[in-house]
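Visitor: Structure for this input, please:
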Amino acid sequence: MSASASAVESKALPVSVEFFPPKTPEGVVKLRGVRRQLYGAIAPQYCSVTYGAGGSTQRGTFDAVAEILAEGVPAASHFSCIGATRESVREQLAQLQAMGARRLVALRGDLPSGYGAGGEFQYASDLVAFIRAETGRAFHIEVAAYPEVHPQARSPESDLQAYAAKVRAGANGAITQYFYNADAYFRFVDDARAAGADVPVVPGIMPITSSSQLMRFSDASGAEIPRWIRLRLQAYGDDVESIRAFGLDVVAALCERLRAGGAPGLHFYTMNQSTATLELCRRLNLGARLASA
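Guide: Numbers count the residues shown, from 1 in each chain. Model (predicted):
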């Protein structure tokens, strides 16, 4: 393949980005600036906005989605169902449709701490089926995938079957939990296809910018940090610059392997920051402005 053909292929790989709803007016202003930087450099296919446990950030989520749509960029609201009723979900879907949203990330979600079990949906597949029954094909629906197995799954096989049920219920595609082992991703894709769940599975990419933050997130989510990465991060101690440089090298190499292996896109967990995502996309030659820089 020629260098020019490679550049065209690189720019064509879809990139999407994820934000969380800011909790303060200052955070809202800061996120607007982050979005402008990302729009100008990488022109994301869409932006997703997370949704707190039990819908605890619904207003902030929907406000952020509305702002992104007003900026002329497709937006996907995360949408969780634990603790929800059919009527509440119906109302929220109507709100999203009214604001022009056409994408959703459908999740089971978690209850806020201190709440017991409740609601009319048990699994994300129930939510996907309900959305399809209520709105037909009005929404492009992404669901979650776990290359290293959901931390609450009884077994890898039960986790795979739960994923396949979401696809059968009407999901258009999936976004994975972040990971640093490309083999786990490729194995999951192969297993999913063998199970009849043949929809695009986009890798979720978590830039490494802080050792303590990464350890905390991974302990909470069940995402595995390979031993060699964990040891290198520990060896850097409080050397922030070395951690960031190492993290960029590791994640860029991971993305290159995913692209070479046929991943249909990359979904960056930005943590409402732009620097690491922009640098990774620059290294990967993604985005018209970055590719020509």
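
Visitor: remind me which residues of the stretch 151-293 of the chain are low pLDDT?
Guide: The stretch 151-293 of the chain contains residues with pLDDT under 70 at 288-293.

Visitor: Could you pull out the helices in it for me?
Guide: 156-168, 182-194, 211-221, 227-236, 240-260, 275-283, 288-291 (DSSP state H, counting those that start in this stretch).

Visitor: most tightly surrounded among those helices?
Guide: Counting by mean count of other CB atoms under 10 Å, helix 275-283 has the highest mean neighbour count of the helices of the stretch 151-293 of the chain, with a mean of 20. To be clear about C-beta, it is placed using only N, CA and C from the backbone, and glycine gets the same treatment.

Visitor: Show residues contacting the host helix or strand of residue 96.
Guide: For residue 96, the enclosing helix or strand under DSSP states H and E is helix 86-99. Contacting residues not belonging to helix 86-99 are listed as 55, 58, 62, 65-66, 69, 77, 79, 81, 104, 120-121, 127, 130-131, 134-135, 138-139 [CB atoms under 8 Å, 6 or more residues apart in numbering].

Visitor: That helix: what's the following helix or strand?
Guide: Criterion used, DSSP H and E; the element after helix 86-99 is strand 103-107.

Visitor: Now do that following strand: which elements does it pack against?
Guide: strand 75-80, helix 124-135, strand 140-145 (3 or more CB pairs under 8 Å, 6 or more residues apart in numbering; DSSP states H and E).

Visitor: Please identify the pairing partners of it and their relative orientation?
Guide: Paired strands of strand 103-107, with direction, are strand 75-80 (parallel), strand 140-145 (parallel) (DSSP bridges).

Visitor: Kindly reformat those as JSON lines containing mean pLDDT, mean neighbour count and distance to residue 36.
Guide: Listed next are the strands paired with strand 103-107 as JSON lines, based on pLDDT from 0 to 100; neighbours: other CB atoms under 10 Å; distance: least, CB to CB, whole Å:
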{"stretch": "strand 75-80", "mean pLDDT": "95", "mean neighbour count": "26", "distance to residue 36": "15"}
{"stretch": "strand 140-145", "mean pLDDT": "98", "mean neighbour count": "24", "distance to residue 36": "24"}
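
Visitor: Residue 35: which of those strands is closest?
Guide: strand 75-80 (10.3 Å; CB to CB).

Visitor: which residues are in contact with that closest one?
Guide: If you take CB under 8 Å, 6+ apart as the criterion, strand 75-80 is touched by 16, 46-51, 53-55, 61-62, 64-65, 68-69, 89, 92, 96, 101, 103-110, 127, 131, 140, 142.

Visitor: Weed out the non-buried ones from those residues.
Guide: Buried by 16 or more other CB atoms under 10 Å: 16, 46-51, 54-55, 61-62, 64-65, 68-69, 89, 92, 96, 101, 103-109, 127, 131, 140, 142, out of the contacts of strand 75-80.

Visitor: ok so, going back, output the helices of the stretch 151-293 of the chain in a markdown table; the columns should cover distance to residue 37.
Guide: Formatted as a markdown table, the helices of the stretch 151-293 of the chain follow (distance: least, CB to CB, whole Å):
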| stretch | distance to residue 37 |
| --- | --- |
| helix 156-168 | 33 |
| helix 182-194 | 28 |
| helix 211-221 | 21 |
| helix 227-236 | 27 |
| helix 240-260 | 17 |
| helix 275-283 | 7 |
| helix 288-291 | 11 |
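
Visitor: Can you say which of the ones you listed is nearest to residue 176?
Guide: Of all the helices of the stretch 151-293 of the chain, helix 182-194 sits nearest to residue 176, with 6.6 Å by CB to CB.

Visitor: What helices and strands are in contact with that closest one?
Guide: On a contact count with 3+ CB pairs under 8 Å, 6+ apart, helix 182-194 meets helix 156-168, strand 201-202, helix 240-260.

Visitor: could you redo the last one with a cut-off of 10 Å?
Guide: Counting contacts by 3 or more CB pairs under 10 Å, 6 or more residues apart in numbering; DSSP states H and E, helix 182-194 is packed against strand 140-145, helix 156-168, strand 173-176, strand 201-202, helix 240-260.

Visitor: Lovely, talk soon.
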